[in-house]
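Colleague: Prediction below, plus the sequence it came from.
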Amino acid sequence: MTTIAAPNFCEGIQYFGDAWEGFSVHAARAAIAEGEAAIRDPNSADAVYQTLLMADALRYVTLQVCGSKGSGHPGGFASSAEAYASLVMLGHTNIVTEVGHHAPGFYSAMFLDTSLEEMGIRTMSDMMARFREKHGLLGHLSGAIPGLLAPAGPLGQGQHFAMAGALLHPGKLFPVTIGDGGMGEPYVLNSMMHFNTAYPKVTNFLPTLIWNGYSQEHHSMVSRFTNEEMIAYWKGHGFKEVVLVDAKDFDDSNQAGAYVDSSRFSLKQRLAFASAVLSGVDRAAKSALGGTLTAFIIKQLKGTGVHTVGAKSHNLYPADSLDKPHMIEGLKRRALNPDAWAIVRENFVRAGGGPAARTAVTEHVLELSPLGQMPFKEYAKNEKAVPATAMGALVAYVGTQDRRFVVTNADGNEASAMKNINDALKIRHPTVDPLYNQEPEGQVYEPLNEDACAGLAAGLCLFGSRALWLSYESFAINGWPIVQTVAQAMAELRRRTPSIVSMFTAGALEQGRNGWTHQRPEIENYFAAQMRNGNTYPLFPCDANAIQAAYEYATNSFNKCMVIIASKSPLPVYMSMEEAKHAVEEGAATIYESRSGSKTVVFAVTGDMVLMPVFEAKDRLEADGYRVRIVSVVNPRRLYRSVDISWDTVAEPDNKFMDDAHFNALFDADVLLAVSGGPSAVLEPVLLRTRAARRDTFAWKRGETTATPAEIMAFNGLTAEAMVKRVMAA
């Protein structure tokens, strides 16, 4: 087979090489036949040969695109190239990664399978121009790149996406590449072990460890493991089958050390190594799809086949530009002949049934079960009811209507006054025990770490299904980073997906005797900052009716991050259900107003339990002749001005903000006190827009062990006496 000119997509490729020995025999036609989605025989010499061609094509594109900006991360992906190419040739293209630094390699794959044409990237020149640029190929994977299933940034997250995909799509394989530099993250194997205990039949995800001996700037912490120790490490976390292929076993170039660069082998041994990887991946994939928890490990030196090796290959700097000798030499070593590029493109386009931009599971909206009308229970005003329990009844209903729906909670629903969820949906556990609501097919997932809880819930929502993460507010920070990652990805998605919904109970004011370990509402400042992103909504229902309205609002939304914060104690009801729905939708509502008074004092309040000292302060101020209005700020994102929020930059944009007339009607006052049981940042929009000349805040300061909520509020200055004194001084 001879082609005079290179394919059009090669425009911009700087170097072409000579055909490899045996090219005319083993690359006469694409190993993935027309109309098929994978190679027929992983032991075929043609398939092995073309797998290695694909691996080197990936390395070349990765190195040149990074070199075009003197920036980016080529080394880690380079050591994964044979494994990635093997997965593609075997038709397994729903690939996620735990390693954001592998982004250039994943982009290279999407370029070679034509997926990037969806964003106007058709040639190598286009790709270089758009790499690490706005509206282009950002430095780490996001939700915006066609064909890529999930974001990747912080380490220790990718396995959650693979498990979510596997749970939602039985029969499809979801490989997840994991770097040995990230093995120090605490929950990677732990979360998979717990998932397998809860979902023993869901084994169609394949952790693929890229064991190259290095992290970003030094040796990886598992670099001294022997092969036997590494296999034992995985088996100790429940993996029954661990397939390890070590490049060292094929080395004919006398390289020193446990990790070797397979690109330095003779072609014969490179092909032997590629053959072992291809057959090993095939074996591992069949094992995972066949019901066995399986891992695949490829062991070769970081930077294999690029400009340098080891941790020095991890990142490019301005000195690593395409005109530098070491970069030129690296590219020339990987340069393919034009016909090889054509074969690689043909295999990529056919693999998995077509380009990932058309075939990846996340490129399509997953059909959702209809929920119908939520069965609200309306509580009478001034009646006492537990907000968490009121929401739990609706959560139970959603789970009975949507059997894919999963609730996650590390500390237990019963401890959060939400046992009604467990009663209806059951805790997923291999041990059947009615006393503890345990059943093997339950919909409540309760690993004892927040990362695993947040990870599965966020992953399911990103992949198109409904889920809910429940936690104590004080512990939520341990799982929040993946929710933040997914929220940002949802803002960029080109498709609709259910919002990630979280509900945090047992706020600081309820946890007196537990002390400061359970009093960490500072995370609300995190949520407050994310409001400006455009798709994050912290919700502060003031009672049992409002929390039902908030949960309906959150559950029926798309591509957003919804955070509900409420108590698990019996508290007064201030709003009717109709008023609650209005408050959630509009942002805030008056829950009390004096009939008369000389001067007006407005309390703008986020939270429920903190209303107790506010109402006490109201009584004292009215006795002194003040007119008092108490406004419950339920959805503070609605209270910003449109210019404050990046609402127009996100998927499913929401540009509803309270206008000045309605805002002023709520918050105009002689004195405005912004009151929060947590930090004050969530009340920023009120303080930003109020016309009150005199304004002040009451908010959380720090935790302490106390006997009652009143005592912890007093410790933080959240008392009626302090509020009255502040008004008098204003």
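Modeller: In hand now; what should we look at?
Colleague: hey, let's count contacts and neighbours off CA atoms from now on
Modeller: Fine.
Colleague: Nearest to the spatial middle of this structure, which residue is it?
Modeller: Val486 (3.4 Å; Cα atoms, centre = their mean).
Colleague: where exactly do the helices run in the stretch 351-500 of the chain?
Modeller: Per DSSP state H, counting those that start in this stretch, the stretch 351-500 of the chain carries helices over the ranges 356-359, 387-401, 419-425, 450-462, 480-492.
Colleague: What of the stretch 101-250 of the chain?
Modeller: Remark: helices assigned in the stretch 101-250 of the chain by DSSP H, counting those that start in this stretch are 103-112, 124-130, 158-168, 188-198, 227-235.
Colleague: same thing with the stretch 601-730 of the chain?
Modeller: For the stretch 601-730 of the chain, helices defined by DSSP H, counting those that start in this stretch occupy the ranges 611-623, 660-667, 684-689, 709-715, 720-729.
Colleague: Now do the strands in the stretch 501-650 of the chain.
Modeller: According to DSSP state E, counting those that start in this stretch, the stretch 501-650 of the chain carries its strands in the segments 536-539, 561-565, 571-572, 588-593, 599-606, 626-633.
Colleague: what domains does the record give for this protein?
Modeller: Annotated domains of the chain cover 8-363, 384-729 [automatic domain parsing].
Colleague: These: which one's closest to Glu378?
Modeller: Glu378 sits nearest to domain 384-729 of all the domains of the chain, at 6.0 Å, using Cα to Cα.
Colleague: what does the average pLDDT come to for the closest one?
Modeller: Domain 384-729 shows a mean pLDDT of 95.
Colleague: about what we covered before: as CSV, the helices of the stretch 101-250 of the chain with distance to Ile565, mean neighbour count and mean pLDDT would be great.
Modeller: Compiled in CSV, these are given as follows (distance: least, Cα to Cα, whole Å; neighbours: other Cα atoms under 10 Å; pLDDT from 0 to 100):
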stretch, distance to Ile565, mean neighbour count, mean pLDDT
helix 103-112, 35, 27, 98
helix 124-130, 41, 20, 98
helix 158-168, 25, 26, 97
helix 188-198, 26, 20, 94
helix 227-235, 38, 15, 97
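Colleague: Turn those helices into TSV, including distance to Ile328.
Modeller: Converted to TSV, the helices of the stretch 101-250 of the chain look like this (distance: least, Cα to Cα, whole Å):
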stretch	distance to Ile328
helix 103-112	18
helix 124-130	16
helix 158-168	33
helix 188-198	37
helix 227-235	35
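Colleague: Those helices: which one's closest to Ser471?
Modeller: Relative to Ser471, the nearest member of the helices of the stretch 101-250 of the chain by Cα to Cα is helix 188-198, separated by 16.9 Å.
Colleague: which helices and strands does that closest one pack with?
Modeller: Identification of packing neighbours for helix 188-198 by 3 or more Cα pairs under 8 Å, 6 or more residues apart in numbering; DSSP states H and E yields helix 158-168.
Colleague: angle of the helix it packs on against helix 480-492?
Modeller: Per axes from the mean of the first three to the mean of the last three Cα atoms, to 10 degrees, the angle that helix 158-168 makes with helix 480-492 is 60 degrees.
Colleague: For helix 158-168, which outside residues touch it?
Modeller: Applying Cα atoms under 8 Å, 6 or more residues apart in numbering, the contact partners of helix 158-168 are 95-99, 150, 152, 172-178, 188, 191-192, 195, 202-207, 404, 452, 455-456, 459-460, 463, 465.
Colleague: Now with 7 Å, please.
Modeller: Applying Cα atoms under 7 Å, 6 or more residues apart in numbering, the contact partners of helix 158-168 are 96-98, 150, 152, 172-176, 188, 202, 204-205, 455-456, 459-460, 463.
Colleague: Tell me which of the domains of the chain lies nearest to Pro370.
Modeller: Closest approach to Pro370 among the domains of the chain (Cα to Cα): domain 384-729, 7.3 Å.
Colleague: Off-centre distance for the closest one?
Modeller: On the basis of Cα atoms, centre = their mean, to the nearest Å, domain 384-729 is displaced by 21 Å from the centre of the chain it belongs to.
Colleague: Can you check which of the helices of the stretch 601-730 of the chain gets nearest to Leu673?
Modeller: With respect to Leu673, and counting by Cα to Cα, the nearest of these is helix 720-729 at 8.0 Å.
Colleague: Please convert the helices of the stretch 351-500 of the chain to a markdown table, extending it with distance to Ala674.
Modeller: Shown next, in a markdown table, are these (distance: least, Cα to Cα, whole Å):
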| stretch | distance to Ala674 |
| --- | --- |
| helix 356-359 | 48 |
| helix 387-401 | 22 |
| helix 419-425 | 34 |
| helix 450-462 | 31 |
| helix 480-492 | 26 |
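Colleague: and Ala566, which of those is closest to it?
Modeller: Of all these, helix 387-401 comes closest under Cα to Cα, at 6.6 Å.
Colleague: Okay, buried residues for that closest one please.
Modeller: Going by neighbour count (16 or more other Cα atoms under 10 Å), the buried part of helix 387-401 is 387-399.
Colleague: Between those residues, which sits nearest Tyr445?
Modeller: Minimum distance to Tyr445 across the buried residues of helix 387-401 is 12.6 Å, recorded for Gly399 (Cα to Cα).
Colleague: by contact count, what packs against whichever strand or helix holds Met54?
Modeller: Assigned by DSSP states H and E, Met54 belongs to helix 45-67. For helix 45-67, the helices and strands in contact under the criterion 3 or more Cα pairs under 7 Å, 6 or more residues apart in numbering; DSSP states H and E are helix 23-26, helix 81-89, helix 103-112, helix 267-289, helix 325-334.
Colleague: Distance from that helix to the middle of the chain?
Modeller: Centre-to-centre, helix 45-67 and its host chain are 29 Å apart (Cα atoms, centre = their mean).
Colleague: Show residues contacting that helix.
Modeller: Residues outside helix 45-67 that contact it (Cα under 7 Å, 6+ apart): 26-27, 31, 39, 72-74, 78, 81-82, 85-86, 89, 104-105, 108-109, 127-128, 131, 271, 274-275, 305-306, 320-322, 331, 334-335, 344.
Colleague: Let's see that with 6 Å instead.
Modeller: The list of residues contacting helix 45-67 from outside it, by Cα atoms under 6 Å, 6 or more residues apart in numbering, reads 26, 31, 72, 74, 78, 81-82, 85, 104-105, 108, 128, 275, 321-322, 334, 344.
Colleague: same question, stretch 241-259
Modeller: Residues outside stretch 241-259 that contact it (Cα under 6 Å, 6+ apart) are 260, 265, 269, 294-301.
Colleague: Might you calculate how far it sits from the centre of the chain?
Modeller: Put simply, stretch 241-259 sits 34 Å off its chain's centre (Cα atoms, centre = their mean).
Colleague: quick one: average pLDDT of it?
Modeller: 97.
Colleague: Would you mark the buried spots in that stretch?
Modeller: Going by neighbour count (16+ other Cα under 10 Å), the buried part of stretch 241-259 is 241-248, 250-251, 258-259.
Colleague: Narrow the contacts of helix 158-168 to those that are buried.
Modeller: Using 16+ other Cα under 10 Å as the burial test, those include 96-98, 150, 152, 172-176, 188, 202, 204-205, 455-456, 459-460, 463 as buried.
Colleague: Show me those residues that map onto strands.
Modeller: Residues of the buried ones among the contacts of helix 158-168 located in strands (DSSP state E): 96-97, 174-176, 205.
Colleague: Turn those residues into CSV, including pLDDT and distance to Ile421.
Modeller: What follows is these, written out as CSV (pLDDT from 0 to 100; distance: Cα to Cα, whole Å):
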residue, pLDDT, distance to Ile421
Val96, 97, 32
Thr97, 96, 33
Phe174, 98, 30
Pro175, 98, 33
Val176, 98, 32
Phe205, 98, 29
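Colleague: Need the max-distance pair from those residues.
Modeller: Farthest pair in these (Cα to Cα) is Thr97 and Phe205. Separation: 11.8 Å.
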